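1. Give the three-dimensional model of this entry:
(one chain, ligands or ions: 2)
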Amino acid sequence: MKIQLKEIIKNLFKCRHIGALLYSNEGYCPRCGKYLKKSYYIVRCSHCQIKRTAKKEFGNIIPEDKFCTNCGESDFYIEKYEKLNFVDINYAIEVKEEIIQEQKNFDFEIWVENKDFEKKDNKMSNEKMFLPRQAKFLTTEA
Ligand SMILES: [Zn+2]
Ligand SMILES: [Zn+2]
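-> Ligands and ions are numbered 1, 2, ... in the order given. Just a heads-up that it's a prediction; the model follows:
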């Protein structure tokens, strides 16, 4: 697997939600304020369907070993669960996922900011209109 520098940088600045969802399945992250929900992922062999030991790497869920120890296949697929089954405890990867609703609020904030920028631009163009007149007045006085 090729590791891209862009991916590493992106993950360095991303909130890891440490200390979030300690006693619940969903709630707000104390570090970034995003609404989070727990999910569990299980990696299965696409040939024999056996559960494979998985790991998280740069935000992706991948099998720990390159090949299935049961049949030697390298292909796999990922299953997502809302709740952790006891039998999957050794295989499931816990992920604290950000809920989409929070992104809508984020879009709204951007829109408000853009409106402010427009206002600033208008002020600037008004100033530009007054400047030549002032300059003309100064030249006639001199
Ligand atoms: Zn967070
Ligand atoms: Zn297999």
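
2. so who does the closest residue in space to C48 that isn't next to it in sequence touch?
-> Nearest non-adjacent residue to C48, counting by C-beta to C-beta, 6 or more residues apart in numbering: C71, 4.3 Å away. Backbone N, C-alpha and C define where each C-beta goes, glycine included. Taking C-beta atoms under 8 Å, 6 or more residues apart in numbering, we find C71 in contact with C45, H47, C48, I50.

3. The first one contacts F67, correct?
-> When you say that, I think you mean C45. No - if you go by C-beta atoms under 8 Å, C45 and F67 don't touch, sitting 9.1 Å apart.

4. more neighbours, the two?
-> Each of C45 and F67 has its neighbours counted (other C-beta atoms under 10 Å); C45 has more, 21 against 14.

5. Pull out the buried residues from the biggest strand by length in the chain.
-> The longest strand of the chain (DSSP state E) is strand 35-45. For strand 35-45, the neighbour count (16 or more other C-beta atoms under 10 Å) marks Y35, L36, K38, S39, Y40, Y41, I42, V43, R44, C45 as buried.
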